[in-house]
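Student: this one's sequence-less:
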């Protein structure tokens, strides 16, 4: 006979809490999973799960916990943790591995592995909250219908005896709005885990960009509306690859992959929003090279500012990613003022603004970005980049401009 050590059913009808004797925690009742689930009683003694997501889950105690539940019979539910720590740890590791894989596919097919979630799963973010697994699945499907979803999982760890925490960034690109806004959110998810049955009982999302993460949050709604109504356009051209590590109200922190550029020096004293050097670079990619190769236009046009030393400021055209990361594969420039090089990428903070960038706008954007970084405990390197994404024919209020600053010693906590 197989002994069951996770559930013990007995009858109890009392309006008063009665401490259960210590020996109940050691009871091993012969039963099976179906019989445990089918049994109905007034007092259910079962393994504790902590967190939220079930009427039987309460803040953690060492062994015996009680909860007075409402109802005609005024029955009492007692929760007894009879699963040892090693079993819980094994289950938590299994859930962690499952969750890491699940988050990698959940927004591709819009489905969840239902057997791994509690039916009464509690989900909460600053916009919506649900008290069922069906509501959670509906939310995922709604997002996939309205947006093209990109989900980047940065890390996942066991945050407590019955809690898993993830760090992530989610990007939503509208499928239906004509200006196709892109919404970016980053933050943490805290998962309450039933460590006995290995199920996810609850999920609470916290966003980096807001202070009030209650649900619903007026600040959260405003953050969504602001991004939905952002009219800045990004051309459908090749550009350096990056992922957003952190999205705040004022800026994004990005991890750029290495990329090739064609580069030329800008004259000393060039204004922050100056365009000297553009024609030299355009000549190179449109055939002014040793092979007469015509390369595709890319975005953005990058110019550096505030650089000290003999090299001075530069202007750069990113090269199509299909050429890889070795500058020697590129044809030699006919113009000696143009060079080929690889940018190492790295961690940069970016802030954006629309319009035709004027000198004072660029310097003001740099100042505000540095101040915001310092306020958050980050140190920006010397100098900045101005990235201009649009051609001269794009209406000013639709243009996307960014100021970027390299960040020193950034850690994704």
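Tutor: Received, thanks. Keep in mind the model is a prediction, meaning the values are calculated, not measured.

Student: where does this structure have low pLDDT?
Tutor: Applying pLDDT under 70 to the chain flags residues 1-83, 308-311.

Student: tell me the centre residue of it?
Tutor: residue 169 (1.4 Å; C-alpha atoms, centre = their mean).

Student: Check which helix or strand it maps to.
Tutor: Secondary structure from DSSP states H and E places residue 169 in strand 163-174.

Student: neighbouring strands for that strand, and are they parallel or not?
Tutor: Strand 163-174 has the following strand partners under DSSP bridges: strand 147-160 (antiparallel), strand 182-194 (antiparallel).

Student: Quick one: the strands in the stretch 101-250 of the chain, in order.
Tutor: Taking DSSP state E, counting those that start in this stretch, the strands of the stretch 101-250 of the chain run over residues 117-124, 129-130, 147-160, 163-174, 182-194, 199-207, 242-247.

Student: Parallel or antiparallel, list what pairs with the shortest one.
Tutor: Taking DSSP bridges as the criterion, strand 129-130 forms sheet pairs with strand 117-124 (antiparallel).

Student: And for residue 283, nearest residue in space, chain neighbours not counted?
Tutor: Spatial nearest neighbour of residue 283, excluding adjacent residues (C-beta to C-beta, 6 or more residues apart in numbering): residue 335 at 6.1 Å. C-beta coordinates here come from the backbone N, C-alpha and C atoms, glycine included.

Student: and if you look at residue 361?
Tutor: With C-beta to C-beta, 6+ apart, the residue lying closest to residue 361 is residue 353, at 6.3 Å.

Student: Any idea how many residues pack against the one you found?
Tutor: 16 (other C-beta atoms under 10 Å).

Student: Spit out the contact partners of residue 366.
Tutor: 305, 306, 384, 403, 405 (C-beta atoms under 8 Å, 6 or more residues apart in numbering).

Student: Ok, residue 316 next?
Tutor: Residue 316 neighbours (C-beta under 8 Å, 6+ apart): 261, 262, 263, 281, 301, 302, 303, 304, 343.

Student: which non-adjacent residue is nearest the fifth one?
Tutor: What that stands for is residue 301. Nearest non-adjacent residue to residue 301 (C-beta to C-beta, 6+ apart): residue 388, at 4.9 Å.

Student: Tell me, how many residues neighbour that neighbour?
Tutor: Residue 388 has 20 nearby residues by other C-beta under 10 Å.

Student: If I follow the layout properly, it ends up in contact with residue 357?
Tutor: Yes: assessed by C-beta atoms under 8 Å, residue 388 is found in contact with residue 357 at 6.5 Å.

Student: what do the two both touch?
Tutor: What both residue 388 and residue 357 touch, as defined by C-beta under 8 Å, 6+ apart, is the set residue 401.

Student: Residue 263: neighbouring residues, count only.
Tutor: 23.

Student: Do I have it right that it meets residue 315?
Tutor: Yes: between residue 263 and residue 315 there is a contact under C-beta under 8 Å: 7.1 Å.

Student: Common neighbours of these two, please.
Tutor: residue 281.

Student: sorry, back to before: contacts only, for the residue nearest to residue 361.
Tutor: 361, 365, 401, 402, 403.

Student: Quick check: closest non-adjacent residue to residue 227.
Tutor: According to C-beta to C-beta, 6+ apart, the nearest residue to residue 227 is residue 183 (4.3 Å).

Student: Bridged to the one you found, which residues?
Tutor: Bridge pairing for residue 183 - DSSP bridges - gives residue 172.

Student: What of residue 406?
Tutor: Those that pair with residue 406 in a beta bridge, by DSSP bridges, are residue 348.

Student: cool, and residue 263?
Tutor: Beta-bridge partners, per DSSP bridges, of residue 263: residue 316, residue 339.

Student: just checking, residue 295 touches residue 320?
Tutor: Yes: with contact defined as C-beta under 8 Å, residue 295 reaches residue 320; the gap is 6.1 Å.

Student: Comparing those two, which residue is more hemmed in?
Tutor: Of the pair residue 295 and residue 320, residue 295 is the one with more neighbours under other C-beta under 10 Å, namely 19 against 16.

Student: Could you check how far the residue lying closest to the more buried one once chain neighbours are set aside is from residue 296?
Tutor: Nearest residue to residue 295 in three dimensions, chain neighbours excluded: residue 285, at 4.3 Å (C-beta to C-beta, 6+ apart). Distance, residue 285 to residue 296, using C-beta to C-beta, to the nearest Å: 8 Å.

Student: So between the two, which is more surrounded?
Tutor: residue 285 (23 against 11).

Student: For that one, give its distance to residue 410.
Tutor: Taken as C-beta to C-beta, the span from residue 285 to residue 410 is 32 Å.

Student: do residue 104 as well
Tutor: Where residue 410 is concerned, residue 104 sits at a distance of 24 Å (C-beta to C-beta).

Student: of the two, who's got more company?
Tutor: With neighbours defined as other C-beta under 10 Å, residue 104 and residue 410 compare such that residue 410 has more, 19 against 12.

Student: so that one touches residue 378, yeah?
Tutor: Yes: using C-beta under 8 Å, residue 410 makes contact with residue 378 at a distance of 6.2 Å.
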